[in-house]
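Undergrad: no sequence for this one, just the structure:
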């Protein structure tokens, strides 16, 4: 039985970071992007502004400004995750947004926000993985730093 569990744990330890990063980027990015699209749809009938006035009620920031800021962030940051460019910084921004949502908007939704936070923290710590523009840029910078100009292909 010990062999079985050891083998199972060994298999789990071989799950590649690149797969986890890709899943984290697309899953959490999709949540925020869909929310941004819903906010855009709600501009014409006033639903978006009404949500920020009546339900979200953020302190300090006027509802109209908060609505624009949230919509812009939800539409701009997920594509960065999808492409894997500036992933750590996009993750940080979305984590801060998640904290605002958790603290001021839906304080009883820790189960959902916790999952988002774990995904975003993972991306902040480990990066976007091999299937990303970040990885390509890092390898180009590394090649340039080590051997001068990168070789042309």
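TA: Nice, I can see it. The structure displayed is predicted, hence computed values, not measured ones.
Undergrad: going forward, measure contacts between C-alpha atoms and count neighbours the same way
TA: OK.
Undergrad: Longest helix in this protein, please.
TA: Secondary structure of the chain per DSSP state H: the longest helix is helix 17-41.
Undergrad: In the chain, where is pLDDT below threshold?
TA: 147-153 (pLDDT under 70).
Undergrad: all helices for it, in order.
TA: Using DSSP H, helices in the chain cover 2-13, 17-41, 47-50, 63-83, 87-100, 110-126, 133-147.
Undergrad: Out of those helices, flag the one nearest residue 57.
TA: Counting by C-alpha to C-alpha, residue 57 lies closest to helix 63-83 out of these; the figure is 7.0 Å.
Undergrad: distance between the closest one and the chain's centre?
TA: Chain-centre distance of helix 63-83: 11 Å, with C-alpha atoms, centre = their mean, to the nearest Å.
Undergrad: quick one: it to helix 133-147, angle?
TA: Per axes from the mean of the first three to the mean of the last three C-alpha atoms, to 10 degrees, the angle that helix 63-83 makes with helix 133-147 is 60 degrees.
Undergrad: returning to what we had before: quick one: the longest helix of the chain to helix 63-83, angle?
TA: 150 degrees.
Undergrad: so what's the most centrally placed residue in the chain up against?
TA: Central residue check for the chain by C-alpha atoms, centre = their mean: the C-alpha nearest the mean position is that of residue 91, 4.4 Å away. Shown in contact with residue 91 (C-alpha atoms under 8 Å, 6 or more residues apart in numbering): 81, 120-121, 123-124.
Undergrad: go with 6 Å
TA: 120, 124 (C-alpha atoms under 6 Å, 6 or more residues apart in numbering).
Undergrad: for residue 123, same thing?
TA: residue 88.
Undergrad: try the one 5 residues further on
TA: Contact criterion C-alpha under 6 Å, 6+ apart gives 21, 84, 87 as the residues in contact with residue 128.
Undergrad: For the second one, which non-adjacent residue is closest in space?
TA: Spatial nearest neighbour of residue 84, excluding adjacent residues (C-alpha to C-alpha, 6 or more residues apart in numbering): residue 132 at 4.3 Å.
Undergrad: repeat for the last one
TA: Residue nearest to residue 87 in three dimensions, not counting chain neighbours: residue 81, with 5.4 Å by C-alpha to C-alpha, 6+ apart.
Undergrad: Could you verify my assumption that that neighbour touches residue 24?
TA: No. Counting by C-alpha atoms under 6 Å, residue 81 does not reach residue 24; the two are 8.9 Å apart.
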